[in-house]
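Engineer: Fold the following, please.
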Amino acid sequence: MYNIAFFLGELQLDSQRKVLEGIVEAAKKDGNNIIVYCLTLSTDEEFNIGESSAMLYDDFGQYDGFIIYAESIYSAAIRTKVVSKIMEQHKPVASIDCPLPGMINVSSDNETAMQILSKHLINEHNIRTVNFISGPEDSLDSVTRKRVFEMEMVRKGLKLEKERCFTGDYYARSGRAAVAYFESKGLLEADAYVCANDQMALGAFYALTDRGIKIPEDTILSGYDNIFEAANHYPRITTVNRFEKKLGEAAYKNVIFAIEGKDYDKNPVIDSQPVYAESCGCSAVRPVNHRIVVNQYSRSKLREARYSEMISELTVELTNAQTAEDICNALKPRLPELGGDAFCLLISDDENSSFESGVNVVAGINYYNGRFGAVSKEYIREHHPRFDNKVGGHLYIIDSIHYREKFYGIAIIRDSNMPFFSEFYRVLIMTLSSALERVRNVRTMQKMIKTLDEMWVFDPMTHVYNRAGFFKFSEEILQKARQEKEDMFFIFLDLDGLKIVNDEYGHEMGDRMICDMADVLRKLRNRGELLMRYGGDEFVVFGKGRTGSEVEEDIVRIRKAMKELNDSGDRIYKLDASIGYNMVPYDNEKPLSSLIELADQEMYKEKREKHKR
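Structural biologist: Below is the predicted model:
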């Protein structure tokens, strides 16, 4: 049994699905596993970093071979990283439709098929003005198709005008955007719209018909790839059948041959075949089986309606999630609807973790054959579950759980068709990612609020109450004293010699002296007294339920603690303070500030006596 890793982007596109189907069908016959990394990338490289994290931090050493559909990975930076990591393994690898050094290069015959299609459009339909909609500029397929078409036009003495070329992204939206672009340039009318793939051709078709332009009566239209939607469209789209399943099968088989030490084809080429149909004015090569189309459409609509309902229900439930565990619990009841026999979700929302040290799993799901198992608290980096490591013939699809560049974990589903035929699986992954980001943001906000609260009421250096905190919480002591008819007291302390320490040893040593005083007072509290840093070198202790003699005993203990600290010999300064106190009857009506001043006055009596000595 072999484990083959396959890397591709945009699984929701028909061409990518067909390639994967070809690989999976061949692997199942052999009893081998296919592990797929789906990379739905964007122009936002920070998003792409998160999207590729599960793949980039996997251990490639566990795989026996690799297949990469580099043309479908629409980020040069990520594509380079994938290729580099694969080549580090020194194991058999096949590249589909993108020749790469050191790999088995499997390709479709783009040149011949595009040349035949171009000649057909130019010679048979006598086109002269063309609006060309190409794919990404770094796509070899797209570049080849445009180049071949331009060459055929030149042979006929024609020219593909630069302003009549639009660069798209292989999605239907690009076809719509291209039509809008040509319209803005006054170039909407053309003999033909030639598109680098069927998705863009379909987008252009509806954009044109919305503007009253009929196909093929007013302009003809062609695509490329012969996807299901184009083949069963009316009018059927003129296109090229690339036989993508054969591409996938050829890539897989030659990798297996290389693993087993057998002879293999280093550069297999799969023939492509033009398909002439109604969108260019020809008759369809084969009739559309409307029964199949209608049945598939009805089934798809019902399935998508249920998936939409499930995502909506889950989204509502996730708004109440407070932890990663809550997110997992919300997803669990819905797992049977995803299809397949196993699903694993490993999540880390540890803000202090890093890939270098490992990402600690804090929550997850381990679903297998209808049962939930325990999720081990392991590192994601070292643990990509494969469920039955001794059983082959399975398809695993792995997605990153992330928000932009922040990687939260991985989702793995086995033998499910949902990722193949429904974009709702992708929506589900994004929903989980967004929910985790919201949970983390809420937790971060709570920490920030707590920190701000503490900054408002605590002195940042000594971590005892400042004036705001003291006056906020002293009211509770006042109320209890009056209810329980217990007298209150204030102890006022003023550090002696702080200015000398600052001048001779620096303010850092002076700050340490202030903190020592706070520590002494903090340790000697025993009945819920409030402790406040009243000023630069002044402290106040406020409490209730003690007599004057007991407060004096407390002061003796404070002096004793200062002496013990001085006797330890750990300080270059002598910790000392002038101390005064004031007893307050429980029925006193004076404001706290006035009562503190009375204790302050008592303290100054002692300070003056010290100066006399």
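Engineer: give me the element residue 234 is part of.
Structural biologist: Assigned by DSSP states H and E, residue 234 belongs to no helix or strand.
Engineer: Check which helix or strand residue 176 maps to.
Structural biologist: Going by DSSP H and E, residue 176 is part of helix 172-184.
Engineer: who touches that helix?
Structural biologist: 131, 133, 164, 166, 168, 188, 190, 193, 195, 199-208, 211 (Cβ atoms under 8 Å, 6 or more residues apart in numbering). Where you see a C-beta, it was placed from the backbone N, CA and C, and this is true even at glycine.
Engineer: May I see the buried residues of stretch 317-329?
Structural biologist: Under the neighbour-count criterion of 16 or more other Cβ atoms under 10 Å, stretch 317-329 has 317-318, 321, 323-324, 326-328 buried.
Engineer: Checking residue 8 next. Helix, strand or coil?
Structural biologist: Three-state assignment for residue 8 (DSSP: H, G, I helix; E, B strand; the rest coil): strand.
Engineer: Give me the pLDDT for the residue nearest to residue 20 when sequence neighbours are not counted.
Structural biologist: Excluding its sequence neighbours, the residue lying closest to residue 20 (Cβ to Cβ, 6 or more residues apart in numbering) is residue 248, at 6.3 Å. If you check residue 248, the pLDDT there is 96.
Engineer: Can you spell out which helices and strands pack onto the strand or helix carrying residue 248?
Structural biologist: Under the criterion of DSSP H and E, residue 248 resides in helix 244-259. Applying 3 or more Cβ pairs under 8 Å, 6 or more residues apart in numbering; DSSP states H and E, one finds that helix 244-259 contacts strand 3-9, helix 14-30, strand 65-68, strand 93-96, strand 104-108, strand 269-270.
Engineer: Would you mind giving the buried residues of stretch 317-329 as TSV with pLDDT, distance to residue 219 and secondary structure added?
Structural biologist: Formatted as TSV, these follow (pLDDT from 0 to 100; distance: Cβ to Cβ, whole Å; DSSP: H, G, I helix; E, B strand; the rest coil):
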residue	pLDDT	distance to residue 219	secondary structure
317	91	49	helix
318	90	47	helix
321	89	52	coil
323	87	57	coil
324	87	54	helix
326	91	55	helix
327	92	50	helix
328	91	53	helix
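Engineer: Which members of those residues are the farthest-apart pair?
Structural biologist: Farthest pair in the buried residues of stretch 317-329 (Cβ to Cβ) is 317 and 324. Separation: 14.3 Å.
Engineer: mind checking the backbone torsions on the most centrally placed residue in the chain?
Structural biologist: With distances taken as Cα atoms, centre = their mean, residue 402 lies nearest the centre of the chain, 1.7 Å away. Dihedral pair for residue 402: phi -160, psi 160, per degrees, to the nearest 10.
Engineer: my read is residue 416 is in a helix, agree?
Structural biologist: No. Looking at residue 416 with three-state DSSP, it is coil, so not inside a helix.
Engineer: Quick check, it in contact with residue 396.
Structural biologist: No. Residue 416 lies out of contact with residue 396 (Cβ atoms under 8 Å); the separation is 9.8 Å.
Engineer: Those two: which is more packed in?
Structural biologist: Higher neighbour count among residue 416 and residue 396: residue 396, with 24 against 19, using other Cβ atoms under 10 Å.
Engineer: I figured that one hits residue 414, correct?
Structural biologist: Yes. With contacts counted by Cβ under 8 Å, residue 396 reaches residue 414, the gap being 5.3 Å.
Engineer: shaky segments in the stretch 301-450 of the chain?
Structural biologist: Residue ranges of the stretch 301-450 of the chain with pLDDT under 70: 349-361, 376-389.
Engineer: try 90
Structural biologist: Across the stretch 301-450 of the chain, the ranges flagged by pLDDT under 90 are 301-311, 319-325, 337, 339-341, 344-392, 403-410, 417-425, 436-450.
Engineer: what ranges do the helices span in it?
Structural biologist: Ranges of helices within the stretch 301-450 of the chain are 324-331, 418-421, 424-457, based on DSSP state H, counting those that start in this stretch.
Engineer: Show me the one of these that comes nearest residue 583.
Structural biologist: Between residue 583 and these, the shortest separation by Cβ to Cβ is 26.4 Å, and it involves helix 424-457.
Engineer: for the closest one, which positions count as buried?
Structural biologist: Buried residues in helix 424-457, defined by neighbour count with 16+ other Cβ under 10 Å: 424-426, 428-433, 435-437, 439-440, 457.
Engineer: distance of the residue nearest to residue 20 from residue 558?
Structural biologist: Here residue 248 is placed at a distance of 81 Å from residue 558 (Cβ to Cβ, to the nearest Å).
Engineer: And the two? Which one has more around it.
Structural biologist: residue 248 (31 against 21).
Engineer: which residues does the more buried one contact?
Structural biologist: Applying Cβ under 8 Å, 6+ apart to residue 248 gives the contacts 18-24, 26, 67, 96.
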